[in-house]
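Student: I would like to see how this sequence folds:
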Amino acid sequence: MKRLNVVWSTGEKDVAMRMIFVYLMDAKSMGWWDEINVVIWGPSAKLLANDGEVQTELDFVRQCGISVEACRGCTEAYGVTSVIRSLGIEVKYMGDVLTQYLHTDDRVITF
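Tutor: Here you go, the predicted model:
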């Protein structure tokens, strides 16, 4: 099984809207990966919590079958944990989880 984990760490909206979300949707619709997972990490948590357009786009990504999880340490640092959870995204400490992804045959890319 080919699984991709995308670590979304940038707080730049243009990168999220014109690169990350576009790639995710292309990868899903073209069947490039069997499973795709997004990890919200760092400044991306703040961007997502404060931008309705980004929230809408990520919701569409999720509706297409791409899983999303967020780093609790990051959401707490930005004071946005409750907002991220209200979007239906699982929030958990991700250091160990990401390390587990890296120890498998999964692919991990960062933006």
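Student: the helices in this protein, which residues?
Tutor: Applying DSSP state H to the chain gives helices spanning 13-15, 21-30, 43-50, 52-63, 72-78, 81-86, 95-102.
Student: got the contact list for the spatially most central residue of the chain?
Tutor: In the chain, the centroid-proximal residue (Cα atoms, centre = their mean) is residue 38; its distance is 3.0 Å. Listed by Cβ atoms under 8 Å, 6 or more residues apart in numbering, the contact set of residue 38 reads 5, 6, 8, 24, 58, 61, 66, 67, 68, 69. Bear in mind the C-beta positions are built from the backbone N, C-alpha and C, glycine included.
Student: want to throw the helices of the chain into TSV with mean neighbour count, distance to residue 111 and mean pLDDT?
Tutor: Shown next, in TSV, are these (neighbours: other Cβ atoms under 10 Å; distance: least, Cβ to Cβ, whole Å; pLDDT from 0 to 100):
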stretch	mean neighbour count	distance to residue 111	mean pLDDT
helix 13-15	13	6	98
helix 21-30	14	8	97
helix 43-50	22	8	98
helix 52-63	15	13	98
helix 72-78	18	15	98
helix 81-86	16	18	98
helix 95-102	13	14	96
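Student: nearest to residue 108, of those?
Tutor: Of all these, helix 95-102 sits nearest to residue 108, with 5.6 Å by Cβ to Cβ.
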